[in-house]
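*Asks:* sequence and predicted structure, then a few things I'm wondering about:
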Amino acid sequence: MKQLTQILRLLLIVVFSCLSSFNTRAQDSTSLHISILTCGVGQELYSVYGHSAIRILDRANGTDIVYNYGTFNFGDPDFYAKFTRGKLPYYLNAESFLGFVSMYEQEGRSVYEQVLQLSPVEALKVKDFLTNNLKPEHKYYHYDFLFDNCSTRIRDIFTTLFGKRFQYGYAMTSDSISFRTLLDHYERNLHWERFGINLLLSNLVDQKMSNEQSMFIPDYLMKGFQGATLDGKLVVKETLQLVPEPPFSPSLPNQPRMIFWGLFLTVLLVSFLPQFSIPLRYFDIFLFMILGLLGFFMMFMWFGTEHKVCAWNRNLLWAFPLHLIFAFLIPRQSDKKAQYARYMMYVTLLSLLYNSFAIQKFGPELTPLILLILYRLSRHASQFKMTTFKQFSR
């Protein structure tokens, strides 16, 4: 009986200790303030889409930490190879709030803070989740630009922790625009970069986005939080502008489109001048060599990397890898060269017809370029000599 009394006393001590610890943590969590930080766009390609992070201000412990899922090791000796192949690991990093904001002030990029109104227990859940994610075995993740990035990671934290209790607000109408349309908007003043990116992205980015999918862009995550609710109550208590917006920059002219139209019209004009026949031959060698190399690079991005948005790229119909071999045949008078030119002319024409109803659309810069390819192929195809029945019978 005495032993039983001692066991019960010990159990009561353990229970009261646990309750005391829980109450202490609950009291401490009232000093926790959770915020969503949305950073504006920059001038460079890596910063043109903006950035998202989470701030946790813990007044009880005197800490002010920003949790950033957009970190990678630029000093990795295989950085470029891993980045190109889609194998570069990204990870969660914790840094001081003052240092974080100071960096964006220096870059001239805006910073907005959405202060969340969460209960002490809910705020503690968010902090514990991020603390656990900082552990070496959890901090790294396989970055995917559209589906798993610094914004989508933050988006998914709240639905993971609170389930159906948490509902995002309206960021955009579902199935209204595609990933590519939204990307083009943010790349609107980086025309060469946008042109190059669109060459590599297949019809996967032409799919229409849902409201939640649009939040892969930080600005749209901010919009989603603005109307978000937890148990039917708005989550965002107030929105603060920590760093002002930079001066408005006007839209820049589309240089690739202007240059390709100018190139097409120039080649079309000089093609009728006999004295330009040899320079045009060298131009064709250079043109189809570049197209062939571009086609091989597109094939590499499809089969040699983990970028699923580069698979089934329709641009391979005009940037065909075998154009590289064709380039070396151009100086020769060969029926094989002329036959290839004729077949590829048909394929390129079909790609233009398919463009009228295909999901993946050709960009505005590609129209003059494809017309140029068609025209130069037609010039070489015109050298084709039809094989007669008599030749077959010999």
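*Replies:* Nice, thanks for sending it over. Numbering: from 1, shown residues only.

*Asks:* which strand or helix spans Ile56?
*Replies:* Element membership for Ile56, per DSSP states H and E: strand 51-58.

*Asks:* against which helices or strands is that strand packed?
*Replies:* Strand 51-58 is packed against strand 32-39, strand 63-72, helix 97-107, helix 120-133, helix 150-162, helix 218-226, with contacts defined by 3 or more CB pairs under 8 Å, 6 or more residues apart in numbering; DSSP states H and E. The C-beta positions use only the backbone N, C-alpha and C, and glycine is treated the same way.

*Asks:* now do the fifth one, average pLDDT.
*Replies:* Read that as helix 150-162. Helix 150-162 shows a mean pLDDT of 96.

*Asks:* distance to Thr305 and mean neighbour count for the helices and strands packed on strand 51-58 - can I get that in JSON lines?
*Replies:* Shown next, in JSON lines, are the helices and strands packed on strand 51-58 (distance: least, CB to CB, whole Å; neighbours: other CB atoms under 10 Å):
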{"stretch": "strand 32-39", "distance to Thr305": "28", "mean neighbour count": "23"}
{"stretch": "strand 63-72", "distance to Thr305": "16", "mean neighbour count": "19"}
{"stretch": "helix 97-107", "distance to Thr305": "30", "mean neighbour count": "15"}
{"stretch": "helix 120-133", "distance to Thr305": "26", "mean neighbour count": "17"}
{"stretch": "helix 150-162", "distance to Thr305": "20", "mean neighbour count": "19"}
{"stretch": "helix 218-226", "distance to Thr305": "25", "mean neighbour count": "22"}
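
*Asks:* right, and those - which one's nearest Trp312?
*Replies:* Trp312 lies closest to helix 150-162 among these, at 23.2 Å (CB to CB).

*Asks:* off-centre distance for the following helix or strand past the closest one?
*Replies:* Sequence-wise, the next helix or strand downstream of helix 150-162 (DSSP H and E) is strand 166-167. Counting by CA atoms, centre = their mean, to the nearest Å, strand 166-167 is centred 25 Å from the centre of its parent chain.

*Asks:* tell me what angle the following helix or strand past strand 166-167 forms with helix 218-226.
*Replies:* Next along the chain after strand 166-167, taking DSSP H and E as the criterion, comes helix 179-186. With axes from the mean of the first three to the mean of the last three CA atoms, to 10 degrees applied, the angle from helix 179-186 to helix 218-226 works out at 110 degrees.

*Asks:* and the contacts of helix 179-186?
*Replies:* 41, 48-50, 146, 194, 197-198, 201, 204-207, 209, 213-214, 216-217, 220 (CB atoms under 8 Å, 6 or more residues apart in numbering).

*Asks:* what about it, average pLDDT?
*Replies:* Averaging the model's pLDDT scores along helix 179-186 yields 93.

*Asks:* please renumber the chain so that the first residue is 127 from this point on.
*Replies:* Okay, using 127 as the starting number, the last item reads as helix 305-312.

*Asks:* gap between that helix and the chain center?
*Replies:* 10 Å.

*Asks:* which parts of the next helix or strand after it are buried?
*Replies:* Next in sequence after helix 305-312, counting helices and strands by DSSP H and E, comes helix 317-326. Using 16 or more other CB atoms under 10 Å as the test for burial, helix 317-326 gives His317, Arg320, Phe321, Ile323, Asn324, Leu325, Leu326.

*Asks:* what about stretch 347-360, how long is it end to end?
*Replies:* Using CA to CA, to the nearest Å, the end-to-end distance of stretch 347-360 comes to 15 Å.

*Asks:* what's that stretch in contact with?
*Replies:* 162, 164, 178, 238, 240, 242-244, 248, 277, 280-281, 284, 288, 291-298, 337-338, 340-341, 361-362, 365.

*Asks:* now list the buried members of the residues you listed.
*Replies:* Buried by 16+ other CB under 10 Å: 162, 164, 178, 238, 240, 242, 244, 248, 277, 280-281, 284, 288, 292-294, 297-298, 337-338, 340-341, 361-362, out of the contacts of stretch 347-360.

*Asks:* got the contact list for the closest residue to Arg281 other than its chain neighbours?
*Replies:* Distances taken as CB to CB, 6 or more residues apart in numbering put Met341 closest to Arg281, at 4.8 Å, once the chain neighbours are dropped. Contact analysis of Met341 by CB under 8 Å, 6+ apart lists Ser277, Thr278, Arg281, Tyr294, Ala297, Leu347, Gly350.

*Asks:* center of the protein, which residue is that?
*Replies:* Phe271 (3.6 Å; CA atoms, centre = their mean).

*Asks:* surely Leu287 touches Phe255?
*Replies:* Yes. Between Leu287 and Phe255 there is a contact under CB atoms under 8 Å: 6.1 Å.

*Asks:* least trustworthy helix or strand in this protein by mean pLDDT?
*Replies:* Ranking every helix and strand in the chain by mean pLDDT, DSSP states H and E puts helix 515-519 at the bottom, with a mean of 39.

*Asks:* so where's the stretch 127-276 of the chain shaky on pLDDT?
*Replies:* Within the stretch 127-276 of the chain, the ranges that satisfy pLDDT under 70 run 127-156, 200-209.

*Asks:* host element of Glu239?
*Replies:* According to DSSP H and E, Glu239 maps onto strand 237-242.

*Asks:* output that strand as CSV, nothing but the C-alphas.
*Replies:* Extracted C-alpha coordinates of strand 237-242, given in CSV (Å, rounded to 0.1, in the frame of the first residue of the first chain):
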residue,chain,number,x,y,z
VAL,A,237,9.7,45.2,-48.1
TYR,A,238,6.1,44.7,-46.8
GLU,A,239,5.3,43.0,-43.5
GLN,A,240,1.9,41.3,-42.8
VAL,A,241,1.6,40.9,-39.0
LEU,A,242,-0.5,37.8,-38.2
